[in-house]
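> Would you be able to build a 3D model of this:
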Amino acid sequence: MNLGQRDEPSLQVRPMFNVGATAYEHRDITAYDQEYNQIIDFLISECRRRSILLLANKRDPTYRYNNKFAVVYDKAVFRYIGPDVVWRDGFDFTSETYRDHMSRIGYRRELLKYVLKGDGPLLNKSVRASSQLFY
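This is a model prediction of the structure:
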């Protein structure tokens with residue numbers, strides 16, 4: 001299935017987490033695990049019935065466990081662009097193409113190291129890449 005060509009609407013639901021420099025204070029929601037999962041189960045059912053793609057963190061909504069997908073997401077997918085940074089230190093998009101930069105830093109070798117080392121180096125606690133797709 002090619003998700004890029006789907007016309008269905010989508011909904012993303014995730015517990016709030018501390019992103020820094022905001023008024024929100026992180027609270028442990030462990031006491032609400034059962035209620036949270038009941039709500040997500042209801043949303044899965046309703047979204048399927050209405051042909052809505054749902055992204056939700058049902059596996060670890062309190063972010064207590066190691067998540068091997070977070071490093072994959074950070075290394076292979078995530079490209080942060082902000083007022084004073086574009087993705088990685090040393091990437092000057094005004095004087096170097098993305099492809100040239102990837103070649104210069106040995107990006108493919110870096111990804112291959114993760115494949116050859118197995119899951120161990122990938123494990124860490126992170127909110128990134130923590131959602132599952134339900135459709």
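> Tell me where the protein has helices.
33-49, 68-72, 98-105, 107-117 (DSSP state H).
> so how far is stretch 44-63 from its chain's centroid?
15 Å (C-alpha atoms, centre = their mean, to the nearest Å).
> sorry, back to before: out of the helices of the chain, deepest packed?
Of all those, helix 68-72 has the most neighbours on average by mean count of other C-beta atoms under 10 Å, namely a mean of 17. Every residue, glycine included, has its C-beta placed from N, CA and C.
> what's the residue closest to the geometric middle of the chain?
Ala129 (2.4 Å; C-alpha atoms, centre = their mean).
> Lowest average pLDDT across the helices of the chain?
Lowest mean pLDDT within the helices of the chain: helix 68-72, at a mean of 73.
> a markdown table for the helices of the chain, including distance to Arg88?
Converted to a markdown table, those look like this (distance: least, C-beta to C-beta, whole Å):
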| stretch | distance to Arg88 |
| --- | --- |
| helix 33-49 | 34 |
| helix 68-72 | 15 |
| helix 98-105 | 8 |
| helix 107-117 | 10 |
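> Test my guess that Cys47 contacts Phe134.
Yes. Applying C-beta atoms under 8 Å, one finds Cys47 in contact with Phe134, separated by 6.4 Å.
> does Phe134 really touch Leu54, like I thought?
Yes. Phe134 is in contact with Leu54 according to C-beta under 8 Å; the separation is 4.3 Å.
> what do those two both touch?
Ile44, Cys47 (C-beta atoms under 8 Å, 6 or more residues apart in numbering).
> When those two are compared, which one has more neighbours?
Leu54 (22 against 18; other C-beta atoms under 10 Å).
> Leu11 is nearest to which of the helices of the chain?
helix 33-49 (6.3 Å; C-beta to C-beta).
> So which elements touch that closest one?
strand 10-13, strand 53-56, strand 132-134 (3 or more C-beta pairs under 8 Å, 6 or more residues apart in numbering; DSSP states H and E).
> Which of these has the highest mean neighbour count?
With a mean of 20, the top stretch among those by mean neighbour count (mean count of other C-beta under 10 Å) is strand 53-56.
> name the helices or strands packed onto that strand?
Against strand 53-56 (3+ C-beta pairs under 8 Å, 6+ apart) you get strand 10-13, helix 33-49, strand 132-134.
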